[in-house]
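>>> Everything below, folded, please.
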Amino acid sequence: MSAVSNADTRALPYWELVVLIACLMALNSAAIDIFIPALQDIGSALGVPDENQRQLVITAYLLGFGAAQLIFGPLSDRFGRRPILLGGIVLYITASLVAIATPTFEVLLSLRALQGVGAAATRVIAISVVRDTFDGRKMASVMSLVMMVFMAIPVVAPNIGQGSCCSDLGARSSSSSR
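Numbering: from 1, shown residues only. This is a model prediction of the structure:
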């Protein structure tokens, strides 16, 4: 089979499809791991004294992510991959942007669960596209490449999160010293 969908005559080159699928899968890992270095600051900013409760932002994301996978599979079979994928990405981005200005920890937990719901679409659709497009050894090869990227993200993401925390703290300290 080639990298052409039955409903779409525009073919993506093999490497572009693999990169796209890897990025969609990596979003979930990044959404969890990039957040970890900021837990202390988030808890302090939102007045969460118990360090164990701060970890609920990860749990909320995983609950939304896990539950929504059961829904997005049948929806993408019924309505097509693209609209469900785009809807999930829009939900993820919207929840992320609203979470920036969240007033309370409870609202943040709800928004993280919504992020998980949106990100579930990327995971389900990425795997569905690989199964729709390839079979046999080629499918295994694509999934191996995708999993290589997916496994590298937990190593890189906390460093990105730490870097953004440090740059934000530097910006705060320079603006507060004026």
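>>> Disregarding residues adjacent in the polypeptide, which is nearest to G47?
Nearest residue to G47 in three dimensions, chain neighbours excluded: F105, at 7.3 Å (C-beta to C-beta, 6 or more residues apart in numbering). All C-beta atoms are positioned from the backbone trio N, CA, C, and that covers glycine.
>>> Run a quick neighbour tally on L70.
The tally of other residues near L70 (other C-beta atoms under 10 Å) stands at 10.
>>> no no, S76
For S76, using other C-beta under 10 Å, the count is 21.
>>> who touches it in this structure?
I84, L85, A121, V124, I125, S128 (C-beta atoms under 8 Å, 6 or more residues apart in numbering).
>>> Please flag which of those residues sit within helices.
If you go by DSSP state H, the contacts of S76 have I84, L85, A121, V124, I125, S128 in helices.
>>> related to what we said a few turns ago, is it correct that the residue nearest to G47 is in contact with L46?
Yes: assessed by C-beta atoms under 8 Å, F105 is found in contact with L46 at 4.3 Å.
>>> May I have the predicted confidence score for P158?
pLDDT, P158: 65.
>>> Tell me the pLDDT of A171.
pLDDT, A171: 42.
>>> does the spatially closest residue to L114 that is not a sequence neighbour sit in a helix or strand, and which one?
Distance criterion C-beta to C-beta, 6+ apart; nearest residue to L114, sequence neighbours excluded, is A95 at 4.0 Å. Assessed by DSSP states H and E, A95 sits inside helix 81-100.
>>> pLDDT (mean, whole number) over that helix?
95.
>>> can you check stretch 68-75 too?
94.
>>> Buried residues, that stretch. List them.
A68, Q69, F72, G73, L75 (16 or more other C-beta atoms under 10 Å).
>>> which residues touch the first one?
Pointing back at A68 there. G116, V117, G118, A120, A121 are the contacts of A68 under C-beta under 8 Å, 6+ apart.
>>> quick one: the helices in this protein?
Going by DSSP H, the chain shows helices at 14-33, 39-45, 51-54, 56-79, 81-100, 105-133, 136-176.
>>> which one of those is the most hemmed in?
Of all these, helix 105-133 carries the top mean neighbour count, a mean of 21, counting by mean count of other C-beta atoms under 10 Å.
>>> could you check the angle helix 81-100 makes with it?
Helix 105-133 runs at 160 degrees relative to helix 81-100, counting by axes from the mean of the first three to the mean of the last three C-alpha atoms, to 10 degrees.
>>> what's the angle between helix 105-133 and helix 56-79?
Using the same axes, to 10 degrees: helix 105-133 against helix 56-79 is 40 degrees.
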